[in-house]
Every structure is written in structure tokens, then in C-alpha cells.
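[1] next comes the sequence, and after it the predicted model I'd like to discuss.
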Amino acid sequence: MNDATPRTLAPAIAERHTFIPISRPDVIEALLSPELWADERQRALARSVFHKMGCLRQHQSSVALNELSEVYDPFNPDDDTINQRELSAEESAAKRYELVETIRKHALSANYEELTELGFREILDKSTPEGVHVEVDFGEFDVKLLFYRGEAEYLRERRDITRLYLMKSKYAIATYNRLFMALKFKPEEVRIKEIMEQDEVDEVAAKRKLKRLRKLIPKGASTERVYLKIFKNIPRYDLEMLFPNIQVKMKYSDKLQLGGSAVVGTASWVLGTATKLLVAVALSPLVLGAALATGVGGIVYAQIRNIFITRDRYRMQLAQSLYFQNLANNQGALALIVDEAEEEDVKEEVLLYRHLLDAPIRAEGLEELDRRVEAFLNAKFGISVDFDIHDAVERLVENGLVARTPAGDLTALSLFEADRYLRDRWCRLVDEMA
């Protein structure tokens, strides 16, 4: 997608999202604009407070990543340590549930949005004009989480059949800027029972079908592990290509092209050898049979060869997409998602804290404050964001930077109080780690 040109989203996907597509330093510098502060002393104190808020959140991220890594350890495909104790089936199921919920919490905190089953099914019904056509058996997974963040529309070019392939036409591809997925294959015994019930066959037939289905799964893939992946710039209607058990299929246009070339090739051969065939008929039916077998056989071989060439081209396109658009895997994906959650949380917290400094907010004024923050982002950066004010309020209250009355009114600590409070809290954390 590197050669594509981003442009405005089509109306069908032009929705506001909670993700703030501005870096943390840029958000903080916008909040530190001189016109927003009474004097340079206040501005310097605000910079110190914002920095300490980031340090506190970074510490919390470190603790969260350690806890998440511990939960993920039994399911980590890349783990190179020896586990001292094997988990029972019940313990494994409980750990897996905890892992799924913790991953979901961090992904949502990073302002990813979960792709529901209904939304995913709607996507599967479509494909991009240049997409690789694949089929996926989704019944293979007992963990299938998909989260996306940020949408864009890219303009691409291709040669148009209506212009005899002499000129290119432009078309748009809707993409997800980030896609986070978690997958786990079902155990064989579970899948065998499911196949027996679905197909109404005996165990032998079910095992035979499962063996055929799992030929598509790469060697070394485990039914006990949870695979985590983060991709960038993934076409919205080609999500199937990211699954490990895909079966590459030729598109209708390719089949039509191959079939057409076969018909043309056969007709050309028949016309070109008509005289020889008449002579062959006169000589012997055996000679005619040999001539037909040689000619038609050569055409069939050429078409079969073209099919494999086309399929290999699809697979190469697929491999290139995954190679250049893969950002992180497994433990690395956990670290990235926790880091992104930290970035989003800090941006939301400094934005809300700065706007609460102006004056206390009554409970009924929270929505107005939300609109003020959104208006600030729009004025400074020209972006439209659905600011997640409720989560930001909860974190600021929990961290002691905002006081909330029983009636729900909010008051932020002054800059001086916040700076001293954060310094004292950081000192306590250092003492606890000593």
C-alpha cells in the first residue's frame, strides 16, 4: 500500500472514532501553547505535570505488561522456557478466558474497536478489486478476536478491460490502519465431535475430513497456543487472507481468462491442423487418435500449467502483503498493544486535565466538556474525534488528579498540587520497588 494515495473516507465508513491520530508530544505541545497560560511559570509547571503523568502511566504499563505476559505464558508459541507445571483442562480454560478478557481490555484502552461477528460476516461477502480470493474455515478456532483502529481510503490504479487494457482507471480501497487479531485452533477431539454432529458422519469419517482440512494449517501450529498478530494498512474486504488456514482460490475473472484462452487455443489448433486431420482420417483412425491426443493434450497441459502459475502468483501476492504489513507477533504484539494503550491514555488524560483546570465541572456539564475537548482537537489539528471522556475521568479520579463529589461534580488539582502529588507518588513507587 506504500504507493497508494490516502484520501477522504467514503461516506459508508466516514465515522468518528475514539482513536486520537496525533502523537503524544504533539498533543502536549498544543496544550502548552503560550496563549493557553497566564505566564511562563505556569506553562513550565504544566509541562512538568504532563511529564510526570506520562511517567506514572509508563510505570503502570510496565506492571500491566508483566501481568499480561504471565497470563499469556502458557499459550505463547514462542516461549523458550520450561513450565514447571502442566495446567489441567479446567485451569487452562480459566487462564484462556482471563487472557482473552485482558487482551480485550488493553485493545479497547488503545482505542481499537472490536469487530463483531456480524460485522465480520458482512465484510466476508465483499472483496477488493485486486484482492486474492481465499476461503477460510472459521469453525477451526475457539479463540477468534479481531480489533481495528483507524480507517482510510486509498486510491489505486489498474488497467481497465473496457479500455482494452491500454489505459488505467482509478478505484478506491477501504483499509484498516491497524488490525489486531488473536487466534487459537480448537483441539482435534473437539473438532471431530463437531464434524460428526454437523455432517452426521461417524468418527472415522470425521477424522478423515479433519485431516484433509488441517492440511492447510502450517506445520508446527499448535492447538494449545494463542497466536497474536498486528498488521497495518489491511484492505477491509480482504481480512480472510490473514488467517493461517486459508485456501487460495482463483477469481472468476481468472477462470474466465484461462477458459477463454483454452477455447481459443483449441480452435486455433483445430483450424491450423484441419488439413492434417483430414489426411489422418484417410490414413487410419489410429493416426487420427494419436494426432488428437497430442494436440489436445498439449493444450490441456498448457492450461493446467497456467492454472498453477496463476495460483503461485496469488500466493506470492499474499506472502508480500503479510511480509510488508506485519507489525508484531505474539509477545511483541502484547508489548505493542500495551504501549499503544499507554499513548492513548496519556493523550486523553492530559487533554481532560488541562480543560478541567479552567473551572470545576458539574455532573451535568460533562458532555459539554467532552465537546470542548473535541473542538480543541479539531481547531488545533483539523481532526474529528469521538473523545472517550468517561474512561479518562475514571483514570484521573483513580490516580488522584481529579476529585469527584458524591453528586458527580469534578475538580482538578491545581498545577502546584498536582506536581507535588505526582512527585510524592513517584517517590513512594520507588520505595516500594527497592
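    Thanks, I have it. Numbers count the residues shown, from 1 in each chain.
[2] show me the beta-bridge partners of the closest residue to Leu357 other than its chain neighbours.
    In space, and not counting its chain neighbours, Leu357 is closest to Ala412: 5.3 Å by CB to CB, 6 or more residues apart in numbering. For the C-beta atoms, the positions are set from N, CA and C on the backbone; glycine is no exception. On the basis of DSSP bridges, Ala412 is bridged to Val402.
[3] how is the residue nearest in space to the middle of the chain assigned, secondary-structure-wise?
    The centroid of the chain falls nearest to Leu179 when counting by CA atoms, centre = their mean (1.3 Å). Leu179 carries the three-state label strand when classified by DSSP: H, G, I helix; E, B strand; the rest coil.
[4] who does it bridge with?
    Bridge pairing for Leu179 (DSSP bridges) gives the partners Tyr148, Phe231.
[5] about what we covered before: next one, pLDDT for the residue nearest to Leu357 please.
    For Ala412, the pLDDT comes out at 95.
[6] residue contacts, it?
    353, 356-357, 360, 396, 401-403, 418 (CB atoms under 8 Å, 6 or more residues apart in numbering).
[7] by pLDDT, give me the weakest of those.
    Among the contacts of Ala412, Pro360 carries the weakest pLDDT, at 88.
[8] quick check: that one touching Gly408?
    No: Pro360 is beyond contact range of Gly408, at 11.4 Å (criterion: CB atoms under 8 Å).
[9] about what we covered before: per-residue pLDDT of the residue nearest to the centre of the chain, please?
    For Leu179, the predicted pLDDT is 93.
[10] again with Arg428
    Note for Arg428: predicted pLDDT of 87.
[11] please list the outside residues in contact with the host helix or strand of it.
    According to DSSP states H and E, Arg428 maps onto helix 415-433. Helix 415-433 is contacted from outside by 42, 45-46, 48-49, 52-53, 55-56, 59, 353, 357, 400-401, 412-413, using CB under 8 Å, 6+ apart.
[12] out of those, who's the most crowded?
    Val49 (26 neighbours; other CB atoms under 10 Å).
[13] so who does the closest residue to Ala363 other than its chain neighbours touch?
    Spatial nearest neighbour of Ala363, excluding adjacent residues (CB to CB, 6+ apart): Gly408 at 3.1 Å. By CB under 8 Å, 6+ apart, Gly408 lies in contact with 362-363, 366.
[14] now, which of the residues you listed lie within helices?
    Leu366 (DSSP state H).
[15] quick one: buried ones out of the contacts of Gly408?
    Leu366 (16 or more other CB atoms under 10 Å).
[16] let's have the contacts of Gly408 in a markdown table, adding distance to Val430.
    Shown next, in a markdown table, are these (distance: CB to CB, whole Å):
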| residue | distance to Val430 |
| --- | --- |
| Arg362 | 37 |
| Ala363 | 36 |
| Leu366 | 35 |
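[17] returning to that earlier point: any idea how far the residue nearest to Ala363 lies from Lys380?
    Gly408 sits 29 Å away from Lys380, going by CB to CB, to the nearest Å.
[18] and Glu189, by the same measure?
    57 Å.
[19] which of those two has more neighbours?
    Neighbours were counted for Glu189 and for Lys380 using other CB under 10 Å; Lys380 has more, 15 against 9.
[20] wait, isn't Met181 in contact with Lys229?
    Yes: using CB under 8 Å, Met181 is in contact with Lys229, at 5.1 Å.
[21] lowest-confidence helix or strand of the protein?
    Least confident helix or strand of the chain, by mean pLDDT, DSSP states H and E, is strand 5-7 with a mean of 39.
[22] just checking, Leu145 touches Arg104?
    Yes: shown here, Leu145 and Arg104 form a contact pair, counting by CB under 8 Å, at 6.9 Å.
[23] neighbour-wise, which of these two wins?
    Leu145 (18 against 15).
[24] excluding covalently adjacent residues, which one is nearest to the more buried one?
    Of all residues beyond its chain neighbours, the one nearest Leu145 is Ala182 (4.1 Å), with distances taken as CB to CB, 6+ apart.
[25] what's the neighbour count on that neighbour?
    Ala182, neighbours per other CB under 10 Å, totals 24.
[26] helices or strands up against the helix or strand harbouring it?
    Per DSSP H and E, Ala182 falls inside strand 168-185. Helices and strands touching strand 168-185, as assessed by 3 or more CB pairs under 8 Å, 6 or more residues apart in numbering; DSSP states H and E, comprise helix 89-109, strand 141-159, strand 227-235.
[27] looking at these, which one has the lowest mean pLDDT?
    Lowest mean pLDDT within those: strand 141-159, a mean of 82.
[28] return that one as CSV; C-alpha atoms alone will do.
    The C-alpha coordinates for strand 141-159 follow below in CSV (Å, rounded to 0.1, in the frame of the first residue of the first chain):
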residue,chain,number,x,y,z
PHE,A,141,-11.0,-21.6,16.0
ASP,A,142,-12.2,-21.4,19.6
VAL,A,143,-10.5,-18.0,20.1
LYS,A,144,-11.0,-15.5,17.3
LEU,A,145,-10.6,-11.9,18.3
LEU,A,146,-10.4,-9.1,15.7
PHE,A,147,-9.8,-5.4,16.6
TYR,A,148,-9.2,-2.5,14.2
ARG,A,149,-8.1,1.1,14.7
GLY,A,150,-8.3,3.9,12.2
GLU,A,151,-9.8,3.7,8.7
ALA,A,152,-8.7,5.3,5.5
GLU,A,153,-9.5,5.0,1.8
TYR,A,154,-6.6,4.6,-0.7
LEU,A,155,-6.7,5.3,-4.4
ARG,A,156,-5.1,2.7,-6.7
GLU,A,157,-4.8,2.2,-10.4
ARG,A,158,-5.3,-0.7,-12.7
ARG,A,159,-5.7,-1.3,-16.4
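[29] coming back round to it: the strand holding Ala182: which residues count as buried?
    172-185.
[30] before we move on, what about stretch 204-214?
    For stretch 204-214, by 16+ other CB under 10 Å, it's 206-207, 209-210, 213-214.
[31] now, which of those residues sits nearest Ser384?
    Using CB to CB, Leu213 is the member of the buried residues of stretch 204-214 that lies nearest Ser384, at 44.7 Å.
[32] distance check, that closest one against Tyr227.
    For Leu213 relative to Tyr227 (CB to CB), the value is 18 Å.
[33] next one: Asp409
    Using CB to CB, Asp409 is found at 47 Å from Tyr227.
[34] right, and Val385 touches Phe19 too?
    Yes: if you go by CB under 8 Å, Val385 and Phe19 touch, sitting 7.5 Å apart.
[35] okay, and the common contacts of Met181 and Lys229?
    With CB under 8 Å, 6+ apart, Met181 and Lys229 have common neighbours Leu242.
[36] am I right that Pro218 falls within a helix?
    No: going by three-state DSSP, the assignment for Pro218 is coil, not a helix.
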